[in-house]
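Peer 1: How does the following fold in three dimensions:
(chains A and B)
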Amino acid sequence: MVWLLRALAGPVLWAALFSLVYALHGTGCGLGWTDRPVLFTDLHHIAMWVAWLAGLALHVVLVLTMPVGSGRARTVTAAGAWIGLVASVFTLFPVVVTSTCF
Amino acid sequence: MTDATTTLEQDDARAQPSVKAADIAANPPQRALRLHRELDEVWSDLPGWRGFFTSVNHGTIGLRFMATAFVFFAIGGVLAMLIRAQLATRNGVFLDNDLYSQIFTMHGSIMMFLFAIPLLEGLALWLLPKILGARDMAFPRLSALGYFCYLFGGTVIVLSLLFGAAPDGGWFMYVPLTDKTYSPGVNADVWLLGVTFVEISAMAAAVEITVTILRCRAANMPLTRMPLMGWYLLGTSVMMLVGFPPLILGSILLEVQRAFDWPFFDVGRGGSPMLWQHLFWLFGHPEVYIIFLPAAGALSTIIPVLSRTKILGYGALVAAVIGLVFLSFGLWVHHMFTVGIPHMALAFFSAASALVAVPTAVQIFAWIGTMWEGRVQFRLPMLYIMGFFATFVMGGLTGVMLAMVPFNWQAHDTHFVVAHLHYVLIGGFVFPMLAAVAYWMPLICGRWRVRGLGEAAFWLIFIGFHGTFFIMHLTGLVGMPRRVGVYPDNPEWEWLNLISSIFGMIQSAGFALFAFDVIMQWMFGRRSWRNPWQAPTLEWAMPLPAPSYNFASLPGPRQPDAGSILPLARGEGLLPGAPRGWRETVVVEPGTGRPQHVAVLASNTALPVATSAAIGSFFAMMLAGFYWVAPLGILATLIVAWKWGAIMGTDRDHPPADVAPGIRLPLHWQVRNTLAYTGAVALLVADATLFASLLFGVGFLAVVAPNWPAPESGIATWPMLAVSLGALAAMALGTVASRLAEQRRADPSLRVWTRLGLISTGAGLVLLGVIGVWLDDPTRHARDALRGATLGFAVVHGVIALMLALRADLDARTGRISAERRGAVPVWQLFQLFWLGTSAVSLALILVQEVL
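Peer 2: Below is the predicted model:
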């Protein structure tokens, strides 16, 4: 079972990160975080960027640590970690390229 | 022994293996006929009508599921033809508007809930033990319970058509169209209650499939060498565990709104119709993949066999399954692109919708590569597979088009979407399932098909399908919306619809011919020889048709594939025969497949049909509007459920079973990590998803819905806090008591702990009742309604925990718990802990709402 959990770690992290960023997006829009300036941007963007980047860092850790064994077992655990990383990069990159609440 | 297996062994060193991997000697050969008679007497159904109501055998139940699903498919198909007849001309008077609404709603609902899901469940129930090397599913009575819930619920839904009371709000039942204001009749209630009743079978199947794949495989078959069908069905079942609860929650909330006016979806009182859309599509989009994955599993099984080679890219396919399972939960909002969602959220879901095409494409290329490497035999299953490729790839490409927001806005709610979804569902599910039926029919009935009929049926279906739906893309692109029965001002749509209707009739003729071919094969086909496709998988390592017990002895490392048919029949595998007169199968460790214990499975019983009747009585009373007597149905269900527990367990220790030379394994009553324990964990995963969906509802309405903040709460905060903490303390005490009851099960103090657990659990429930009395009127605002729903969730789990505590207490007093035997105590612990955890989160949420 530990092997299976290793294979699923990346996608599980993606699911958690996707949910977190989507929740932050909704919460920020609902509570008016776009109107609260922080540094060169606003609280809404900062919150989502921090969550996304922290999640990506964790993904990198998983890519480095999750693959075990050899042959088919290694292929699946490595693929699981990469699926999570690629999915988090691709599905959440809108936090840096689009407007938030419009 | 592969290196993968070695890795798994290292990883799972804590799994308390009873047997070293790849070291299982063969049992001495016996007379095959004697073994057959011994096993058949134990495993066969009762004769006649009693067999219908009492069978729990996976072979019987699986076939029943599939046959019933095809009956509903025929009904749904007839409805489709009525739709096509109506749309063939622009001023069709064949159906009036009301009836047309009922028919298109019923067509979609039947095809989704009464055909596609039950068919995949039936295939899984019938096939899994055979292909994995077991004698039955993990919970045979649960299979039968699921079937009767499906049969009863589906029958009620279909019969509502005859009474003019069928659902008419579209198969996704959008609110406010389906609330009491705009749907005052019982039509919507039929859908909400009927589908929820049917979904009990889906949840039952999901738990069963998950546990069977993880625990009921051939000895020493690691996950990495499991047939790909196992991976696909594991992905499917996990998706069902997580995907169905949002729909079940949404249906409960909407029914409660309709019955008791709790305003979850009423904008005027803090609710939102958008919440329904989120809950529905949180189920609805993964549902597409829930349907697709088993079909893809069939393709991954059949393609290499009919290409005379091995599958290309096993590891890549497993990774693709994992990717699909997860990514498919990040797409649901693409069904809601036009409701006014901010750009960033649109972009999240658009990106995920595009990304999901990647694992799908990996599978397509793996299958094409397999065929490229092998020598393809264009026999009937392969024809359907070719039909799958031609159809599903096109459906996938239009799916990528619809994933792009600007195009989606243009095509939304038009016939383009209808064409797309039929290309995906018929291409991705129906064609592969027809291939599966053609492929496994010899194993089902032991006969070979009548030459020529199947091919003719295929071409009629294929030509009819593309003639109907290819042109429908154009119908949508020129602007024809869905769900419109007449279009007098748009003559330019008429010829397109007429063509679709003509080809629709051809397609129907094809399906009818397919059914005729199957019946002819079953009744008149010549006897098939063993393993007619020369396939390697274990389901062919048995006589045709498959016997009631599957294997006279269970496969192990020395009987790895279909070539082991004779050694297995002679009892050289594990656990030969039925020496104790019980239905037994070997249970393995999930990762490595090492044998751990022997499970004694349920035999023929009418308990499942009685249980489904009891559950059905609750739904029937709700449907009839007898809300205040409906709890009697719940009471009846609890009484019957109590009977399930009563016939489980034993009051004496049993000697270990002889499994193979030098290997003796304990029976399941004397181990902790039983199938039931794994099943309870799987069930709680689904339960946790339902709770998370409820929390999502709280968060969504609080943040997004208009008419918030809610009115001032009338709750007396401090007294409420005191009672809530008292309830949590009682739950915590019950949790500790359940743990101590297991730890001290050989001690005379056992009875003290079970009794303490019972009392504290009861006290927790009573205190929840006090909280319920103090809550604000739930009809006042959505916040108050959600608090009521959250409390209801806690009460339901409290009742379950109380039942388990009572069971443990009674077991302790009647000697069914001992140093060797734990009874229901481990499962009681799980539910007690879950009850405590979810209740604590609920309380914290209410406190946060009060403080903020």
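Peer 1: For chain B, which element, helix or strand, carries the lowest mean pLDDT?
Peer 2: Counting by mean pLDDT, DSSP states H and E, chain B has its least confident helix or strand at helix B:3-11, which shows a mean of 41.
Peer 1: Does B:Ala411 touch B:Val478 like I think?
Peer 2: No: using Cβ atoms under 8 Å, B:Ala411 is not in contact with B:Val478, being 11.2 Å away. In this view, the C-beta of every residue, glycine as well, is placed from N, C-alpha and C.
Peer 1: higher neighbour count, these two?
Peer 2: Counting neighbours by other Cβ atoms under 10 Å in any protein chain shown for B:Ala411 and for B:Val478 shows that B:Ala411 has the greater number, 21 against 14.
Peer 1: For the residue nearest to the spatial centre of chain B, identify the helix or strand it belongs to.
Peer 2: Taking Cα atoms, centre = their mean as the criterion, B:Ala202 is the residue nearest the geometric centre of chain B, at 3.4 Å. Here B:Ala202 sits within helix B:187-215, counting by DSSP states H and E.
Peer 1: Show me what that helix is packed up against.
Peer 2: helix B:97-109, helix B:117-132, helix B:140-162, helix B:228-260, helix B:607-623, helix B:675-704 (3 or more Cβ pairs under 8 Å, 6 or more residues apart in numbering or on different chains; DSSP states H and E).
Peer 1: Show me which positions of the longest one end up buried.
Peer 2: Meaning helix B:228-260. For helix B:228-260, a neighbour-count test (16 or more other Cβ atoms under 10 Å in any protein chain shown) marks B:228-259 as buried.
Peer 1: which secondary structure elements does it contact?
Peer 2: helix B:117-132, helix B:187-215, helix B:273-306, helix B:314-327, helix B:675-704, helix B:782-813.
Peer 1: hey, which of those is tucked in deepest?
Peer 2: helix B:117-132 (a mean of 27; mean count of other Cβ atoms under 10 Å in any protein chain shown).
Peer 1: got the angle between it and helix B:187-215?
Peer 2: 10 degrees (axes from the mean of the first three to the mean of the last three Cα atoms, to 10 degrees).
Peer 1: what's the average pLDDT for helix B:117-132?
Peer 2: Average pLDDT, helix B:117-132: 97.
Peer 1: Tell me what angle that helix forms with helix B:228-260.
Peer 2: 150 degrees.
Peer 1: and helix B:117-132, what does it pack onto?
Peer 2: Checking 3+ Cβ pairs under 8 Å, 6+ apart, helix B:117-132 ends up next to helix B:58-87, helix B:140-162, helix B:187-215, helix B:228-260, helix B:273-306, helix B:431-445.
Peer 1: cutoff 7 Å now
Peer 2: helix B:58-87, helix B:187-215, helix B:228-260, helix B:273-306 (3 or more Cβ pairs under 7 Å, 6 or more residues apart in numbering or on different chains; DSSP states H and E).
Peer 1: Please give the element, helix or strand, for B:Leu843.
Peer 2: Element membership for B:Leu843 (DSSP H and E) is helix B:825-851.
Peer 1: In that helix, which residues are buried?
Peer 2: B:825-836, B:838-840, B:842-843, B:845-846, B:849.
Peer 1: and that helix, how far out from the chain's middle?
Peer 2: 26 Å (Cα atoms, centre = their mean, to the nearest Å).
Peer 1: Can you report how many residues neighbour whatever residue of the stretch 101-250 of chain B ends up closest to chain A?
Peer 2: Closest approach between the stretch 101-250 of chain B and chain A, counting by Cβ to the nearest Cβ: B:Thr224, at 4.7 Å. Neighbour count of B:Thr224, defined by other Cβ under 10 Å: 28.
Peer 1: Need phi/psi at B:Trp529.
Peer 2: Backbone torsions of B:Trp529, given as degrees, to the nearest 10, read phi -80, psi 160.
Peer 1: Over to B:Gly649?
Peer 2: phi 80, psi 170.
Peer 1: so which helix or strand takes in B:Leu460?
Peer 2: helix B:453-477.
Peer 1: Show me what that helix is packed up against.
Peer 2: Using 3+ Cβ pairs under 7 Å, 6+ apart: helix B:453-477 touches helix B:380-403, helix B:415-425, helix B:494-524.
Peer 1: Pick the most buried one from those helices.
Peer 2: Note that of the helices and strands packed on helix B:453-477, helix B:415-425 is the most buried (mean count of other Cβ under 10 Å), with a mean of 22.
Peer 1: how about the residues of chain A that lie near chain B?
Peer 2: Proximity of chain A to chain B, by Cβ under 7 Å from any Cβ of the partner chain, involves residues A:1-4, A:7-8, A:11, A:14-15, A:18, A:22-23, A:25-27, A:29-30, A:68-73, A:75-76, A:79-80, A:83, A:87, A:90-92, A:94-95, A:98-102.
Peer 1: Just list the residues touching B:Thr605, thanks.
Peer 2: B:54, B:56, B:141 (Cβ atoms under 7 Å, 6 or more residues apart in numbering or on different chains).
Peer 1: which residues does the second one contact?
Peer 2: I take that to be B:Val56. B:140-141, B:143-144, B:602, B:604-605, B:608.
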